[in-house]
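**Q** mind looking at a prediction? Sequence and model below.
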Amino acid sequence: MKKLIPFILGILMLITISNSYKENYYIIPEESIRIRIIPNSNSVKDQYLKRQVKTNLELELTEDLKESKTIEASRIVINKNINKYNNVIKTVLKNENSNQKYSIDYGYHYFPEKLYKGVKYKEGEYESLLVTLGKGEGDNWWCVLFPPICSIEEDSQNSQRIEYSFYVKEMFKKYLK
């Protein structure tokens, strides 16, 4: 019995330590609205333009959707403001001295399979706001507008990191020094 206790404690330690190192992640619900921005190419300039569009568009969308409590309300807000989002993209490209063509569309769009924060999302057609810059052949950025996972992640990146302590983990640290 005495030999079994260290074995059990070892297993508990491995489970506790592996769980404590996992990143926080959010599972995207079936009923959600995504945003996807596909740049012209993977060139440094095109990827930079994608990030600029993402940053500016995300600011507008986060502000517009902050009071949305339902997917229906979010749909209304996005449809109502689609021209504003179009102008945001146009302004970013103008400010970056780019005459690149682009499109913006709200509807159902194809998303390839993606491993995101430890969760695999299958390919398929998803309700989304799609921005395509130029030929749309570069590595894309995407996130979830509703529920507001993009803004949750942004807030968590800007907040202090919280570390949780587990009794078993602390015991092993103490005795394995």
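**A** Sure thing, it's come through. Numbers count the residues shown, from 1 in each chain.

**Q** who's in contact with Pro147?
**A** Counting by C-beta atoms under 8 Å, 6 or more residues apart in numbering, Pro147 makes contact with Pro29, Ser32. For every residue, glycine as well, the C-beta is placed using N, CA and C.

**Q** quick check: the gap between it and Ile38.
**A** 23 Å (C-beta to C-beta, to the nearest Å).

**Q** same check, this time on Thr91
**A** Thr91 is 19 Å from Ile38, by C-beta to C-beta.

**Q** quick one, which of these two is more surrounded?
**A** Ile38 (22 against 12; other C-beta atoms under 10 Å).

**Q** quick check on the more buried one: phi, psi?
**A** phi -110, psi 120 (degrees, to the nearest 10).

**Q** can you check the one 4 residues further on too?
**A** Note on Asn42: its backbone torsions stand at phi -100, psi 10 [degrees, to the nearest 10].

**Q** which one is it nearest to, not counting chain neighbours?
**A** Computed as C-beta to C-beta, 6 or more residues apart in numbering, the closest residue to Asn42 that is not its neighbour in sequence is Gly138, at 4.6 Å.

**Q** which SS class is the one you found?
**A** Under the three-state scheme (DSSP: H, G, I helix; E, B strand; the rest coil), Gly138 adopts coil.

**Q** just to check, it is in contact with Ile38?
**A** Yes - applying C-beta atoms under 8 Å as the test, Gly138 and Ile38 come out as touching, 6.5 Å apart.

**Q** following the strand or helix carrying Glu72, which helix or strand comes up?
**A** Assessed by DSSP states H and E, Glu72 sits inside helix 71-80. Heading C-terminal from helix 71-80, the first helix or strand you meet, by DSSP H and E, is helix 82-95.

**Q** mind exporting that following helix as PDB, just the C-alpha atoms?
**A** Provided in PDB are the C-alpha atoms of helix 82-95 (Å, rounded to 0.1, in the frame of the first residue of the first chain):
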ATOM      1  CA  ILE A  82     -21.700  47.200 -43.300                       C
ATOM      2  CA  ASN A  83     -21.100  50.500 -45.200                       C
ATOM      3  CA  LYS A  84     -19.200  51.900 -42.200                       C
ATOM      4  CA  TYR A  85     -17.000  48.800 -42.200                       C
ATOM      5  CA  ASN A  86     -16.500  49.200 -46.000                       C
ATOM      6  CA  ASN A  87     -15.300  52.800 -45.400                       C
ATOM      7  CA  VAL A  88     -12.900  51.600 -42.600                       C
ATOM      8  CA  ILE A  89     -11.200  49.300 -45.100                       C
ATOM      9  CA  LYS A  90     -11.200  51.900 -47.800                       C
ATOM     10  CA  THR A  91      -9.600  54.400 -45.300                       C
ATOM     11  CA  VAL A  92      -6.900  52.000 -44.100                       C
ATOM     12  CA  LEU A  93      -5.900  51.200 -47.700                       C
ATOM     13  CA  LYS A  94      -5.800  54.900 -48.600                       C
ATOM     14  CA  ASN A  95      -3.800  55.700 -45.500                       C
END
